[in-house]
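S.K.: starting from these lines, generate the structure:
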Amino acid sequence: QVRLAESGGDWVQPGGSLRLSCVASGRPPSNLGVAWFRQAPGKEREFVAAIPWAISRTYYADSVKGRFTISKDNAKNTVYLQMDNLSPEDTAVYYCAAPPNNRYVTRPVADYDYWGQGTQVTVSS
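M.R.: Residues are numbered from 1 along each chain as shown. Sure thing, here's the model as predicted:
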């Protein structure tokens, strides 16, 4: 069973950058990828980006495309989310998530079984 732990959240000014990390401990070969989601106060959790372990493909929400970059280090079982040109609208708790074994990464929240504890990102001046 995969266990996920996020880190890297912080306060940053608009236009700034942050890099989040997600370590997938105990990841079985049947875990096919990891996604990032976020949840702002009073809003539903939403898809941000996803990456499969085995192939060079990435997926992004339209709201972050061109500003965020998801990447991976297979040897470290770690997925990163580089966030540039941040705006106050990016303020949220950011979660990494893994789908059920042998399931590919998708966008719906309900498709994910494993979640980290979340890391807070605050963008304000």
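S.K.: how close does the residue nearest the centre of the chain sit to residue 125?
M.R.: The centroid of the chain falls nearest to residue 36 when counting by Cα atoms, centre = their mean (2.0 Å). Here residue 36 is placed at a distance of 24 Å from residue 125 (Cβ to Cβ, to the nearest Å). Any C-beta I mention is one placed from the backbone N, CA and C, and that applies to glycine too.
S.K.: ditto for residue 19
M.R.: When Cβ to Cβ is the yardstick, residue 19 and residue 125 sit 21 Å from each other.
S.K.: got it, and residue 102?
M.R.: If you go by Cβ to Cβ, the gap between residue 102 and residue 125 works out to 45 Å.
S.K.: what of residue 108?
M.R.: Using Cβ to Cβ, one gets 34 Å for the distance from residue 108 to residue 125.
S.K.: in stretch 70-79, which residues are buried?
M.R.: Of the residues in stretch 70-79, those buried by neighbour count under the rule 16 or more other Cβ atoms under 10 Å are 70, 72, 77, 78, 79.
S.K.: can you measure across it, start residue to end residue?
M.R.: For stretch 70-79, the first and last residues are 7 Å from each other (Cα to Cα, to the nearest Å).
S.K.: now that stretch: average pLDDT?
M.R.: This predicted structure assigns stretch 70-79 an average pLDDT of 96.
S.K.: then stretch 93-108?
M.R.: Looking at stretch 93-108 alone, the average pLDDT works out to 95.
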